[in-house]
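In: Make a model of this:
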Amino acid sequence: MIKRRKPKVSLEQAKLLADEYIAAQDLRGWRFEIVEAHRAGSDPDNWTVIVDRSSPEGGLVDGPQILIVNGASGEVRTFESYYE
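Out: Next up is the predicted model:
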C-alpha cells in the first residue's frame with residue numbers, strides 16, 4: 001500500500017507552474033491548454049497535469065501532453081523525461 005503524503009505544492013500552484021513551463025517553451029504556433037490536474041496515482045507525492053495540444057492550424061492533436069509537477073520542489077517535467 002502506498003502511503004499518501006500531502007504535497008507541499010497545492011493543486012492551484014501545480015497548475016500555475018505547469019502554465020509557466022508551457023509559456024517558457026518555443027511553441028512555434030502550437031497551443032497548449034491545461035484540462036485536468038490531479039495527484040499522480042503511482043507517485044502520490046507529485047501532481048499529474050493533463051494538457052490538450054492544438055496544431056498551428058487549429059486542430060486538436062490526438063493524445064494529450066502529460067506534465068509531472070514535483071510536489072515538494074515544484075519542478076515541472078514532461079512525462080517522458082520523468083521516467084528516463
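
In: make it CA atoms for all contacts and neighbour counts henceforth
Out: Noted.

In: gap between the helix or strand bottoming out on mean pLDDT in the chain and the chain center?
Out: Within the chain, no helix or strand scores below helix 79-82, which has a mean of 85 by mean pLDDT, DSSP states H and E. On the basis of Cα atoms, centre = their mean, to the nearest Å, helix 79-82 sits 10 Å off its chain's mean C-alpha point.

In: packing partners for that helix?
Out: strand 65-70 (3 or more Cα pairs under 8 Å, 6 or more residues apart in numbering; DSSP states H and E).

In: Which elements pack onto the strand it packs on?
Out: helix 11-23, strand 46-54, strand 76-78, helix 79-82.

In: Low-confidence regions, the protein specifically.
Out: Where the chain drops to pLDDT under 70, the residues are 1-7.

In: Residue nearest the middle of it, spatially speaking?
Out: Nearest to the geometric centre of the chain sits residue 67, at 2.6 Å (Cα atoms, centre = their mean).

In: show me what contacts that one?
Out: 18, 48-51, 76-79 (Cα atoms under 8 Å, 6 or more residues apart in numbering).

In: Turn those into CSV, including neighbour count and distance to residue 29.
Out: What follows is those, written out as CSV (neighbours: other Cα atoms under 10 Å; distance: Cα to Cα, whole Å):
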residue, neighbour count, distance to residue 29
18, 28, 18
48, 26, 24
49, 27, 21
50, 21, 19
51, 21, 16
76, 23, 21
77, 16, 21
78, 16, 19
79, 15, 22
